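Participant: Here's a sequence, model it:
(chains A, B, C, D, E and F)
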4 protein chains.
Amino acid sequence: MTRGRIKGDHEVRRAEIARAACAVILRNGLAATSLAEIAREMGYTTGVLRHYFLSKEELLFHAKNSLFDAAIDARRDGAQDLQGRDKLTSVVTAMIAVNPAAVDRYRLLAAFNGSAIGDEALMSKQHARNQENIEALSALIAELQACGLALKGLDPRMAALGLLALIDGLWEHIIMKPQDWGGDDLAALVMAHVRTTIFGELPPEAETDRRTGAPSAIPRET
Amino acid sequence: MTRGRIKGDHEVRRAEIARAACAVILRNGLAATSLAEIAREMGYTTGVLRHYFLSKEELLFHAKNSLFDAAIDARRDGAQDLQGRDKLTSVVTAMIAVNPAAVDRYRLLAAFNGSAIGDEALMSKQHARNQENIEALSALIAELQACGLALKGLDPRMAALGLLALIDGLWEHIIMKPQDWGGDDLAALVMAHVRTTIFGELPPEAETDRRTGAPSAIPRET
Amino acid sequence: MTRGRIKGDHEVRRAEIARAACAVILRNGLAATSLAEIAREMGYTTGVLRHYFLSKEELLFHAKNSLFDAAIDARRDGAQDLQGRDKLTSVVTAMIAVNPAAVDRYRLLAAFNGSAIGDEALMSKQHARNQENIEALSALIAELQACGLALKGLDPRMAALGLLALIDGLWEHIIMKPQDWGGDDLAALVMAHVRTTIFGELPPEAETDRRTGAPSAIPRET
Amino acid sequence: MTRGRIKGDHEVRRAEIARAACAVILRNGLAATSLAEIAREMGYTTGVLRHYFLSKEELLFHAKNSLFDAAIDARRDGAQDLQGRDKLTSVVTAMIAVNPAAVDRYRLLAAFNGSAIGDEALMSKQHARNQENIEALSALIAELQACGLALKGLDPRMAALGLLALIDGLWEHIIMKPQDWGGDDLAALVMAHVRTTIFGELPPEAETDRRTGAPSAIPRET
DNA sequence: AATGAATGAGCATTCATTCAT
DNA sequence: GATGAATGAATGCTCATTCAT
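Facilitator: Residues are numbered from 1 along each chain as shown, chains lettered A, B, ... in the order given. A predicted model of the protein is given here:
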C-alpha cells in the first residue's frame, strides 16, 4: 500500500541512531550528549532524530537497552548447550569477560544509573531490570540445588544477588581503567566466590592457624 | 583584621554549601542541580557561591568528598580497638550497614561515577580513590595472612578487590530501593564471602551430591 | 483521464481539509495548529496538504472562509421570502442565534481577527469583509427608510455599523462561555436596539423622572 | 539590608519590558512576537527577561493588562466628579474615543482574545475581566434606575452587556482602519443607543410611515 | 561579604517545507 | 495522488558566569 519511501528500514535507522548515541555518550559523557552531537555523528541534522524517537529521553533509553539486549542474546547462545555447574560457570565467565564491547556496555550502564539518582521513574526502570537479572540467576542456582549441585541451605535469590553484585562491583572498578585487566584474574576471583559460597566446595588451600593479627589501615569507601 | 576567625568561617561556610549541594543532588539529580537551586536551598543567592568555590565543578566535587570523608572517619573510629579477624569483620560490617546516611552516600557516589563516564579527569580521580580503598583493605588482609588468619595462597590485593566489589555491587542494588533491606541479610552475605574466600573456613553445610542439573534461564546484565 | 471528476474530487478534498483544520483550531488554538495535526485529524500525512494548498496560510484562510460562506448561504435562504421590517428582524435574529455551529464560527473569527493584528494584508482582507457586511445591512435599512419604515434622519451606513457592532460585540462575550446564553435574551436585546434606534419606536416603558443620581463604579475595558 | 544592586527599580523594569512587548506585538503580531525580538526592542538580551518574568506567557499577559490598567485609572479620574446621566455619558464617551493609545489597546485585546480560542485557562481569565466590566457598568445603570433616570423595566446587567457589546463591537471595526474614524460619529451612535434603550428618551425624529419595503441584500457575517 | 542584574551560549523541541519514491 | 524521510531555522528556556554596587 505504501507508495512513498520504503518503510522497511525504520528499525534499521533506529539502530543506527542508537549506535551513534552510544558512541557520543561514551566519548563525551551523558551530560554533554546533545541531539545535535548525535546527529553530527551520523552526518544528519537534528530534525531527523524526531522521526525515530519522540524525545531525547526515549532515544537515550533505547540506545542503552539496545546495547544490552544484544549482549544478552549473545550470552544465551553461548550457554544453551551446557548443563549443571558448567552452565552457571559459562554464564558467569561470560559476564566478567573484559573486552571493549563489554567495557562500553558497563560504562553506559554506570552513566545511566548515575542519571537515575533523583529520577524516580528511571530508577524504577533500572530496578526492574536488576530484579529480572537476579531472578534469572536465581533460577539457575535453584536448579543446581535441586540436583544437589549447590549448597542446600542457600537462599537462591540471596546467592544470586551476591553473585551479581560481585560481578557488577568488579565492573565498577574495571571501567575506570580497563587496560589493567587482561587475563583470567577476574574470572578466577568470581569463580572462587561461586565455588565456595554456592557450590560449597572447600577453598583451595584451607590451612590457617589461630593466631591473631593486628592490621591497622581502614579502607576509604571511594 | 581577625584573619584566623575569618579562615574558620570560610571552611564552615564551604561545608554548609557542600551539605546543601548534596541535598539538592539527591533530591533532583546531578543534571538538574543548578547553582541557583543550591543557593536557594541555603537561603542565599548564587553570587555567594563564587566566594567559596571557583566553579560549579569544584563545588560539586568537594561536596561529594566531604560526605565520604566524614564516613571514613566514623568507620576508623569504630574499628581502631579491634584486632585480627574481628577488625576486618567490623570494617566490612560497617561498610554494608544500610542506613539513610549510607544510602545518600552511595547514591551520590553513583551519580558522580556516572558523570565520570566520558570525563577522563574525573575518572582518574575516582580511580585513585578506589585504589586507596583497595590498598587499605589489602593491608588488613595481608596482616591476617601474616598471622595465619587468612588463606595463605591469596593475593591480598585481589581479595581486597573482590571484597570491595561485592560491597559496592550490593550497594548498587540497595540504592535503587533501600527500604527492601532492613535486617542482617546483607552482612551475612558478605561475611559468607569473607569466611570462605578469605578466612578459608568451610561453608556452613557443605553436603552436595554429584548429580548434574540442567538449569535454563540466562540472566540479563541490566 | 476523467478531468471533470478529478476537478470535482479536488474541491471535495479541499473542503474536507478545511473542516479538519477548523476542528483543530477550535480544539487547540491557532498557534498550536500544525499541518501535522490537521493531517492526523484526517488520517492522512502532511505531504498531502501540499497538493491542495500552496501554504499553511492559504489553507487556514480558506478554512475560515468556507465556514462563513456556508453560514451566509443558510441565512439568505431563511430571509428571502420576507418583506419590510420582518426581513431585517429575521436577518438580525438569525445572526444572534446561539448554537454550536455559530459559536464555532465566531470563535474562529476571533482567532483570525486576533492573528490579523500586526499583519496588514490579513487585516485588509478582514476589513473588506466587514465593509461588505455593513453595506448589505445598510441596503436593508435604506430600503426601510424609503418605505417610511425606518427613521428618516438616520445615516443607513452608521445604523448598519451600529447594529453589526452590537451583534459582533455580543458574540465576543458569548464565545467565552456559550452555555450561559440559551434563551431569547440576546435577541430581545438586539431587537430593542433595532426598534428604538432604527425603527424609531418608543422604548417599551418610557417613564423616567428627572432626579439626578450619583453612581460610582467605573467599568474596566477588559 | 540589601547590599548589592538597588532593588527599587524592579517594577520599573517590568513596566519597561511590558511596554517593549506591546510595541512588538502591535508591530509584528502575537505569533511573531519572540522573546528575542522583545529584548532587541529594548537593547538587551533574552536572558534578562527571565529575571522579571517566569515565562513568556506571564510576560505577555502582564504586558496586556498593564496597558489596560493604565487606561482604567485614566477613565476613573475623568468621571469621578460627575453625577447622574452625565457620569454614564462621560464614561461611555471615554470608552469610544478614538485615539492612538486606545487603538493600540483594543488591537492588543483582539490579539489576546484570539489567542484565547482553544486555551481554556486564558479564556477564563478574559471572561472574568469581561464580567467585571459588565458589573461596573451595571452598577452605574442600576443607580440611574434608582433615581428614576433610567428605564424602570430594564435588567441592568443586560443593559450593561448591550452597551459594552456595542462599544466592543465598534472597536472591532475601528481597529481595522482607525484613520476612518475621526469625529464624533461613533460617540453619537453609542449615545443614541444609550438615550433610547437605557434613558428611555424618544429617538430624535420618530416620524415613520407604515408602508412595507422590500430590501434584498443579505449581510455577510464576516 | 553578599547581592542580584545581566550576559550569551547552549539546549531540546517544533514545524513548514521540500522532495525522492 | 500520496507518502514519509529529511531539512534546518527558529523558539522558549536554562544556566554558569561575570560584575557593579
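Participant: Next, the buried residues of stretch A:34-49.
Facilitator: A:35, A:37-39, A:41-42, A:49 (16 or more other C-beta atoms under 10 Å in any protein chain shown). Any C-beta I mention is one placed from the backbone N, CA and C, and that applies to glycine too.
Participant: same question, stretch A:178-198
Facilitator: Neighbour count says stretch A:178-198 has A:178, A:186-187, A:189-198 buried, by 16+ other C-beta under 10 Å.
Participant: At which residues are the helices of chain A located?
Facilitator: A:10-28, A:35-42, A:47-52, A:56-79, A:84-96, A:100-116, A:120-146, A:156-174, A:185-193 (DSSP state H).
Participant: Let me see the domain layout of chain A.
Facilitator: With domains defined by automatic domain parsing, chain A comprises A:10-62, A:82-199.
Participant: I'd like these laid out as a markdown table, including mean pLDDT and distance to residue B:99.
Facilitator: Below are the domains of chain A laid out as a markdown table (pLDDT from 0 to 100; distance: least, C-beta to C-beta, whole Å):
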| stretch | mean pLDDT | distance to residue B:99 |
| --- | --- | --- |
| domain A:10-62 | 90 | 29 |
| domain A:82-199 | 94 | 18 |
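Participant: Out of the ones you listed, which is the most enclosed?
Facilitator: domain A:82-199 (a mean of 20; mean count of other C-beta atoms under 10 Å in any protein chain shown).
Participant: For the most centrally placed residue in chain A, give me its contacts.
Facilitator: What sits nearest the mean C-alpha location of chain A, by C-alpha atoms, centre = their mean, is residue A:106, with 5.6 Å. Shown in contact with residue A:106 (C-beta atoms under 8 Å, 6 or more residues apart in numbering or on different chains): A:171-172, A:174-175.
Participant: Contact partners for residue A:82?
Facilitator: residue A:90.
Participant: Quick check: it vs DNA strand F, distance?
Facilitator: 42 Å (C-beta to the nearest atom of the strand, to the nearest Å).
Participant: ok so, going back, residue D:77: which of the domains of chain A is closest?
Facilitator: With C-beta to C-beta as the criterion, residue D:77 lies closest to domain A:10-62 of the domains of chain A, at 53.2 Å.
Participant: Pick the one among the contacts of residue A:106 closest to residue B:57.
Facilitator: residue A:175 (21.0 Å).
Participant: My read is that the closest one contacts residue A:111, right?
Facilitator: No - counting by C-beta atoms under 8 Å, residue A:175 stays clear of residue A:111, with 9.9 Å between them.
Participant: Quickly list what's touching both of those two.
Facilitator: Joint contacts of residue A:175 and residue A:111 (C-beta under 8 Å, 6+ apart) are residue B:117.
Participant: now could you export just the CA positions of stretch A:142-160 as CSV?
Facilitator: The C-alpha trace of stretch A:142-160 is given here as CSV (Å, rounded to 0.1, in the frame of the first residue of the first chain):
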residue,chain,number,x,y,z
ALA,A,142,17.8,-23.2,42.4
GLU,A,143,18.1,-25.9,39.7
LEU,A,144,21.6,-26.7,40.9
GLN,A,145,20.2,-27.0,44.4
ALA,A,146,17.5,-29.4,43.2
CYS,A,147,20.2,-31.6,41.6
GLY,A,148,22.3,-31.4,44.7
LEU,A,149,25.0,-29.5,42.9
ALA,A,150,24.7,-26.4,45.1
LEU,A,151,24.5,-25.8,48.9
LYS,A,152,21.2,-26.9,50.2
GLY,A,153,20.8,-24.2,52.8
LEU,A,154,21.3,-21.3,50.4
ASP,A,155,18.5,-18.8,49.6
PRO,A,156,18.9,-18.8,45.8
ARG,A,157,17.8,-15.2,45.5
MET,A,158,20.4,-14.0,48.0
ALA,A,159,23.0,-16.1,46.4
ALA,A,160,22.1,-14.7,43.0
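Participant: does chain B sit close to it?
Facilitator: Yes - shown here: stretch A:142-160 in contact with chain B (C-beta under 8 Å from any C-beta of the partner chain) through A:142-144, A:146-153, A:158, A:160.
Participant: Show me how far that stretch is from its chain's centre.
Facilitator: Computed by C-alpha atoms, centre = their mean, to the nearest Å, the chain-centroid distance of stretch A:142-160 equals 23 Å.
Participant: hmm, back to that, make CSV from the domains of chain A and add distance to residue C:118 to it.
Facilitator: Formatted as CSV, the domains of chain A follow (distance: least, C-beta to C-beta, whole Å):
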stretch, distance to residue C:118
domain A:10-62, 28
domain A:82-199, 42
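Participant: Now do the contacts for residue A:17.
Facilitator: A:38, A:42, A:49, A:52-53, A:59, A:63.
Participant: 10 Å instead, please
Facilitator: A:38-39, A:41-42, A:44, A:48-49, A:51-53, A:59, A:62-63, A:66 (C-beta atoms under 10 Å, 6 or more residues apart in numbering or on different chains).
Participant: Residue A:184 versus residue A:191, what's the distance?
Facilitator: For residue A:191, the distance to residue A:184 (C-beta to C-beta, to the nearest Å) stands at 9 Å.
Participant: any common contacting residues for these two?
Facilitator: Common contacts of residue A:191 and residue A:184, defined by C-beta under 10 Å, 6+ apart, comprise A:93, A:96.
Participant: related to what we said a few turns ago, reformat the contacts of residue A:106 into JSON lines and put distance to chain C next to each item.
Facilitator: JSON lines is the format used below for these (distance: C-beta to the nearest C-beta, whole Å):
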{"residue": "A:171", "distance to chain C": "44"}
{"residue": "A:172", "distance to chain C": "45"}
{"residue": "A:174", "distance to chain C": "46"}
{"residue": "A:175", "distance to chain C": "42"}
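Participant: Nothing else from me, thank you.
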